[in-house]
Structure formats: structure tokens, C-alpha cells
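In: give the three-dimensional model of this entry:
(chains A and B)
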Protein chains: 2
Amino acid sequence: MSVQIPRIIVVGAGFGGLETVRALRRVAADITVIDRKNHHCFQPLLYQVATAALSPAEIAWPIRHILRAQRNTTVLMEEVLGVDPARKVLITNFGETGFDYLVLATGAQHSYFGHEDWEPFAPGLKRIDDATRIRRKILVAFEKAEIATDTETQRRLLTFVIVGGGATGVELAGAIAEIARQTLAMDFRRIDPRNARIVLVEAGPRLLPAFAPEQSDYVRQVLTKVGVTVMTDTMVTKCDIGGVDLGSQRLPAATIVWAAGVMASPAAKWLGAVADRAGRAKVNPDLSVPGHPEIFVIGDAASVMDSKGKPVPGIAPAAKQMGHYVGNLIAARIAGRATGKPFRYMHLGDLATIGRRAAVVQLGRFRLRGYLGWWFWGIAHIYFLIGIRNRFIVAFSWLWSYLTFQRGARLITHAHDDTP
Amino acid sequence: MSVQIPRIIVVGAGFGGLETVRALRRVAADITVIDRKNHHCFQPLLYQVATAALSPAEIAWPIRHILRAQRNTTVLMEEVLGVDPARKVLITNFGETGFDYLVLATGAQHSYFGHEDWEPFAPGLKRIDDATRIRRKILVAFEKAEIATDTETQRRLLTFVIVGGGATGVELAGAIAEIARQTLAMDFRRIDPRNARIVLVEAGPRLLPAFAPEQSDYVRQVLTKVGVTVMTDTMVTKCDIGGVDLGSQRLPAATIVWAAGVMASPAAKWLGAVADRAGRAKVNPDLSVPGHPEIFVIGDAASVMDSKGKPVPGIAPAAKQMGHYVGNLIAARIAGRATGKPFRYMHLGDLATIGRRAAVVQLGRFRLRGYLGWWFWGIAHIYFLIGIRNRFIVAFSWLWSYLTFQRGARLITHAHDDTP
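Out: This is a model prediction of the structure:
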């Protein structure tokens, strides 16, 4: 009589999902990874695709290639429609699959806090397709400004509003400023791209709230110096085809990028589990779903507290740690070992770059900024990229951009035109 | 009193259009380049984007960046709707512009010989967006085959038909064979990609009719060896969502790529000029349009005979030579110099690659094939790429692919799914 080996399904091949699978590499199990995309995307550098510095393929890698050597794992490109926890069945657009363990690592998407109708005018940045869409919007705005005949239209086309002063917003604002002031400076005849207006809007009192206040001040100074208008304590009250409302102030703008908030993917909904305000499933200390010890939610889709009672942030290292923990927990359960230890989050630090030669780094009490911070940021990101080829090409692209002020991926692709 | 400098409009920034503008660099004129895309695309390597070897940005470059130093030239991203030759006015989606000289270098698109309804099932390869669409189709076919549960569906998904045995068809077939046999060989669990069927269909008696018959034989041998089924003297009589009809034979296939024929862009139609069967405008020996000495059609949009009375082929060197000729002709006319010399085409040669270590080269009586031909092909293509960065990255990508059998751009982007 043959013994059935346990079936493990991991949904989502982001940082958390991949780490779960890796932790299970020596386990006699039948692992299935399900993702609706064929690639793992290195989200921390997505803003560089949106700003034409890198090509999509330089920060994305086929999931099945990453896992090709792990013979206990099958990768399927399917879209999850729901979960039946009672029957232990996952439902996708291709049918039903039974599981003994299920790990939902489905991440987050951008959220408009109840104003989902703003999405067409203010795209967010979570996936490769978002990045090429924002890239197209930015480049088309300059192209249309060169054609426009009245200064009011030109001014609207050359106004770029970034909503949200976290790491993504700061990085986008710095990069768009560099495009306008340097990359494109000599390429137009009728407009001067250096006159572009880049406005970074943050509802809270300071940029990068995860950092120390001095770091926030420094970032604000650098952004102002490169030509970004920073508006803190400012709420966006409306986004439409012509621009944004900031309370009573109207700001006409052809390009709005949303970097203000995220909402968890519907993992909690699929399970009928309790969720927090951001839609994240509230999980047990071992990351399992209450009432279902064989179902786990990890990464940006999970609501977890650290040892000080603060929420674990939605960043790559946190997702990886959760994936590592859950993978090992499942391995131990399969081996029949005791597993009493709860998940413990260790915060490694925060990094953000503002552009050429400027970044902030905060690792516990260790802090860096400016030139050194920028080097630290670059080396850390290259280190965490997957694959020698991508590391090499990204490093080369950065070196080349640094020396020439150029950007290698200034392509407007796909005919769809959503710039007014 | 100021003297009005002549207004020159060049439509299309392919090989021909760019060369025209370059030849006019020292002329006191107001030059406008109009293209509906923001980038010049290096079409000879487009098939490498379609087969995931290169990223779009590696073979495409912003037109305005290429021409940034030429201060007499303005680049506008507009779509041409028509020409009014009598009023000397070009009509675009942004309005009307007057010209003293007009050069139409608008290229060609694929043609289905009256079966334009085949297009959704059998995309052709002329632009970056075509290439990413074909890339998506090829990669999605393998993904769906891994999910499929019956062998008939799997077999259809793993059948790739390339219609047309010219350079593009041969290069695509060789590259898809390499993807199936090598790149993807270890990445799947339920299917073996090496069982994929790649069929190259050519209506004529041999592949690469522009080459000597021995070269055609060699190419057929190499393709057969790497696993391509070559069918010459075979007509495609129908393409639909399930596959192709080859006369009475039905070949179920999820992926069909059209490399069989081209049709000129509507330049001749805009002008009301006489066109040949492929829609190319019949022009005077100086490439001007009969009755309009100030309007020229060049490149793939023009029907021109060489000194032996044979049609000039629709390839990059021919377009470049025509652009160079017309640019100099306009410069001479502006300077008031006589310009009696007609355009003379000089055929430099033909190149095509079949895959790893195999290519054919024919330059007059000089012929190469195999390993040496492959080196020649690679060096020639890198030499003609625009920009040091692209040359370097393409050379690196090829070296890396050569050593690892991998392809760096295996991305399925854009949600649209047209694979049955």
C-alpha cells in the first residue's frame, strides 16, 4: 500500500510564497505554486521601470525557472477564484484542487480608500503592467506638450502629481524630476522639459514616516533641491481626468500616480476570515487562520503584530520571514515534530532613494544618507535581485545612466492612450 | 525682410526616414519628423523580442533622442491621416501642417493576401507591440499545456506554425525550436517541452528564395536537425482559432505566426498615386511621386526598380540608401544645384540566422554558412544597432544566452489572453 504524500498549495510567488517553497525543498511533498502571472517581480525596483530606467525583464523572472531545480514543486499559471476551507479545496479558473496545507501569499494592491473611481486617472504601482502604463503616461505627457499650442494645456501636461510620501512616492518623485531636468532636457524644441512641475502630496505631517524625523527633513530638502514641490499635511480630495483637488485648491495635471495606500488581496474574503481595515486576514501567532490550522496567510495579505504589539510592515523582508517560518512549520508538522514557537518578526531596517547620489538608510541605530546611503541602497538592491544576468544588467544600466544621465527604456508601448 | 526657410516633413522614423533627416543635417531648413511611435525600432532583431531573447528597449530607441543634436529638426508623435498634395499640406490627428518638401517613409505592414480576417489568429511581426504579443502567445501556450489534462489539447497547445519561409520565418522557427528544446526543457513537470512541434510552411519551392539554392538546402537541413518540420510547396488555405488548413490537411495549433507577406503602408493612397500589387507607390527614378516633384516615397512604401530592372527589396539597407539619396537631393535643390542623377540601388547582400551557431551570409559571390556565418551575422547586427548601451547589452545578452541556453525576457505581460 502506498502512502499518500501531503499536498501543499502555495498561492502567489512573491517574496513570501517563494520563500515558503524554498523552505520545503527537502520535504517529501507534492507542492503546487499557483500565480496568475508567469513571473516573480522584484517590486522594490518597479518604480525604475515606471520611470524608464530599467526594462521589465530586468526585474522579473519566470517563476518556473526560479523553481526549476526543486523537483517536488509544480508551477501553474492560474487565477484563484476562491477557497473551500471545509472541503480543503482551492478553486481556480481551471477547476478545483484539493490540499492538505494551503499558504496564501497573495500580496496587496493599491487602494483608494473608498474612491476606487479615481483609479483610471491615478494608476498605482504594484505590477509590471502598472509600471509600463505609468511609463507610457509620463512619456506621452511630454510628447503631447511638444505638440500643444496653448500654454495652459502645456502646463497641465507638464504637471506630474505623486500622491503619497512613502518610499514609492519619494522614489517616483525623484526619478520624474531627473527625467525632466536631465534626461529629456535637450530632446525637445518647443517646450523646455526642465519647466515641468513635479508635486509630491502627503496627507501626514512628513515624508517617509517609517524613518527618523531628521531623515524625513533631509529627504524633503533633497527633493526640493531637484525641483520637486513637496506638500505635506495635504489631502487629495478628488482625482479626475483634468487633475487633482487638494481641498479647495485645484491642480490641473495630466499625470497622477497613486502611491498612497494599499489594500490586501482578497485572501481573507476567500476564507471568510476576520480582516483588519486594510483587508488583511487576522492570523494566529503561527500565521494560521483561526479554526483552520492547515491554512496560512503570509506577507502583505496577513495582519500580524510584532513582539512590541506593532503591526508588521508590508515590506519584502517581512514577507520573506513569514514564508521561511511557515515553510519550516509545515515541514515540521509533516515530520511529526512539535511546533510551539510563534512567528517573530525581526525588523532589518528601511531604505529609500531620492535620486542621483541621495538615499536614506536606517538599520536600527545605524543611519546613512547622501552619497554613502545611495551606494548602500544600490548594492543592497542588486544583491537581492534574482539571477546573475539581472544583477549584471541592472548594475550596468545604473552605471550607464549615472554617467550619461540617460534612461535606457524610454518606450511608449501599446496603443492605448489615456492621457487627456 | 526675412527669407522663409524651407519646411521639410519626413513621415516615419524607420531606417529610411532617419537617413533622410541625417543627410539634411547641415541644411538651413525647418525639418519635422512625424511618427506615431516615439521610438525607432531595429526590425531585423524584432524576432528576438518575439522569442524572449531580448527586451523591447534593447532594440528600440526614442526618435527624439537619436535626433537631439540636430537642431534644425523637431520630432512630433502624431498619426498621419492624409496628404493634400495640391495645397502641400499634411493632415494628422492634431491638425494640418504645410510643407515645401514631403518624404513619406512609412514602411510596410503584414498582409494576408485578402484574408485579413486571419490576423487575430496569426499575428505578424512588424512592431514592438507585435513582438510582445507573439512572445505572450508562445509562452502562454506552454503554460496552458502544463495545465491541460487531455493529450489532444496539449498537442494543439504545443504546435507552433510559422507561415512564410523568408528570413523572418526561418529565424522565428529556429528560435522557437531552441526555446522548446533547450530553454524550457527542465522547467515543466507534466509536459515535456521538447515534444513541441514547430512547423514552417512555405508556399514556394524553397526557403529563403533570395539566397542561392545550396544555401536554402543548408538552412532546411539545419532546421530539420533542430526539430523543425519544414513544408515547402505548401499553401495555407485557412487560419482560425483552432489551427491552420494546408489544403486538405488540417493542422491543429494554438500558435500561428504570420511571416508570409507584407503590404505597403497607405502612402500611395494618401497621395492618390499609382501603386503596385503590394500597395507600394510607383515613383520616378528620383523617388519623387509623378506630378509632384516635391513629394517623395522611400523604403518599403516605394516601388523602385534596380539597374537590372528587378524590384529593389524591402530591406533596411535599401531604405537607408533611398533616405540618403532623397536627403541629398532635397539639400541640392534647396542650394539651387542641378540634380539629374537617378537613384541607384546597390545590393550589399543577404543574411539570415537559423539559431545557435548557424547562419547564412551571401554578399555577392562571397558566401558563408555555419559557425563563421553566425559570427558574421552577430557582429553585423550589433554594429548596426543604435547606441553604445544597446550594443553592449545585446552582446552581453547573446553571450549569456549562448553559455546558459537561457532567454532573459520570458515575460507574459498584459492580461489579454488570446490563446484558445
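
In: and the strands in the stretch 301-420 of chain A?
Out: A:302-303, A:350-355, A:358-363, A:366-369 (DSSP state E, counting those that start in this stretch).

In: for A:P290, see how far away the closest residue to A:R333 other than its chain neighbours is.
Out: Excluding its sequence neighbours, the residue lying closest to A:R333 (CB to CB, 6 or more residues apart in numbering or on different chains) is A:T339, at 6.1 Å. Heads up, the C-betas are built off the backbone N, CA and C, glycines and all. Relative to A:P290, A:T339 is positioned 17 Å away (CB to CB, to the nearest Å).

In: before we move on, the earlier item: for the strands of the stretch 301-420 of chain A, which one sits closest to chain B?
Out: strand A:350-355 (19.8 Å; CB to the nearest CB).

In: report the angle between the closest one and strand A:358-363.
Out: 170 degrees (axes from the mean of the first three to the mean of the last three CA atoms, to 10 degrees).

In: touching, the residue nearest to A:R333 and A:I330? I think so.
Out: No - counting by CB atoms under 8 Å, A:T339 sits too far from A:I330 to count as a contact (9.1 Å).

In: those two: who's more crowded?
Out: Each of A:T339 and A:I330 has its neighbours counted (other CB atoms under 10 Å in any protein chain shown); A:I330 has more, 25 against 13.

In: doesn't A:L24 make contact with A:I31?
Out: Yes - in this structure, A:I31 is within contact of A:L24 by CB under 8 Å, at 5.9 Å.

In: joint contacts of those two?
Out: In terms of CB atoms under 8 Å, 6 or more residues apart in numbering or on different chains, A:I31 and A:L24 are both contacted by the residues A:I8, A:N72, A:T73.

In: residues of the stretch 151-300 of chain A that sit close to chain B?
Out: With CB under 8 Å from any CB of the partner chain as the criterion, the stretch 151-300 of chain A comes near chain B at residues A:M186, A:D187, A:F188, A:R189, A:R190.

In: go ahead and confirm the first one touches B:H65.
Out: No - taking contact to mean CB under 8 Å, the distance of 9.1 Å between A:M186 and B:H65 leaves them out of contact.

In: more neighbours: which of those two?
Out: Neighbours per residue (other CB under 10 Å) separate A:M186 from B:H65, with B:H65 holding more: 21 against 16.

In: how close does that one get to A:F142?
Out: The separation that B:H65 has from A:F142, given CB to CB, amounts to 12 Å.

In: A:G408 too?
Out: Distance, A:G408 to A:F142, by CB to CB: 17 Å.

In: so what pLDDT did the residue nearest to A:T106 when sequence neighbours are not counted get?
Out: In space, not counting the residues next to it along the chain, A:T106 is nearest to A:S265; the distance is 3.9 Å by CB to CB, 6+ apart. A:S265 is assigned a predicted lDDT (pLDDT) of 89.

In: list the residues that contact A:S265.
Out: Counting by CB under 8 Å, 6+ apart, A:S265 has contacts A:G12, A:T106, A:G107, A:A108, A:Q109, A:G279, A:D300, A:A301.

In: least confident of those?
Out: Within the contacts of A:S265, A:Q109 has the lowest pLDDT, namely 90.

In: secondary structure element for that one?
Out: Of the helices and strands defined by DSSP states H and E, A:Q109 is found in strand A:108-110.

In: nearest residue to A:L67 other than its sequence neighbours?
Out: Distance criterion CB to CB, 6+ apart; nearest residue to A:L67, sequence neighbours excluded, is A:T73 at 5.1 Å.

In: and A:L54, by the same measure?
Out: Leaving aside its chain neighbours, A:L54 sits nearest to A:Q48 (4.5 Å; criterion: CB to CB, 6+ apart).

In: helix/strand/coil for the one you found?
Out: helix (DSSP: H, G, I helix; E, B strand; the rest coil).

In: I'd say it and A:G174 touch.
Out: No - look at A:Q48 against A:G174 with CB under 8 Å: they stay out of range, at 11.0 Å.

In: before we move on, back to that, can you get me a residue count around the residue nearest to A:L67?
Out: By the other CB under 10 Å criterion, the neighbourhood of A:T73 contains 22 residues.

In: how about the helices in chain A?
Out: Assigned by DSSP state H, chain A shows helices spanning A:15-23, A:46-50, A:63-66, A:128-147, A:151-157, A:167-178, A:213-225, A:267-271, A:316-335, A:370-384, A:388-404.

In: quick one on the thing from earlier: with respect to A:L348, which of the residues of the stretch 151-300 of chain A next to chain B is nearest?
Out: Taking CB to CB as the measure, A:D187 is the one of these closest to A:L348, at 40.4 Å.

In: quick one: the closest one and B:H65, what's the gap?
Out: Between A:D187 and B:H65 the computed distance is 6 Å (CB to CB).

In: closest to B:E96 out of the contacts of A:S265?
Out: A:Q109 (44.4 Å).

In: OK, contacts around the closest one?
Out: When contacts are taken as CB under 8 Å, 6+ apart, A:Q109 is in contact with A:G124, A:K126, A:V262, A:M263, A:S265.

In: quick check: it vs chain B, distance?
Out: When CB to the nearest CB, to the nearest Å is applied, the distance between A:Q109 and chain B equals 14 Å.

In: pLDDT weak spots in the stretch 201-350 of chain A?
Out: Screening the stretch 201-350 of chain A residue by residue with the criterion pLDDT under 70, one finds no matching range.

In: report the closest residue of it relative to chain B.
Out: Taking CB to the nearest CB, the stretch 201-350 of chain A has A:A254 as its residue nearest chain B, at 14.5 Å.

In: number of nearby residues for that residue?
Out: In terms of burial, A:A254 registers 26 neighbours under the definition other CB under 10 Å.

In: that one touches A:Q154, doesn't it?
Out: No - the pair A:A254 and A:Q154 fails to qualify as a contact (CB under 8 Å) at a distance of 10.0 Å.

In: residue contacts, the residue of the stretch 301-420 of chain A found nearest chain B?
Out: Using CB to the nearest CB, the point where the stretch 301-420 of chain A gets nearest to chain B is A:A409, with a distance of 3.8 Å. For A:A409, the residues meeting the contact criterion (CB under 8 Å, 6+ apart) are A:V49, A:A52, A:A53, A:L54, A:S55, A:R135, B:S55, B:P56, B:A57.

In: the second one: how many residues sit nearby?
Out: Which is A:A52. The local packing count at A:A52 equals 28, with neighbours defined by other CB under 10 Å.

In: same question for the fourth one.
Out: Using other CB under 10 Å as the criterion, A:L54 is surrounded by 27 other residues.

In: show the pLDDT at it.
Out: At A:L54, the predicted lDDT confidence score is 92.
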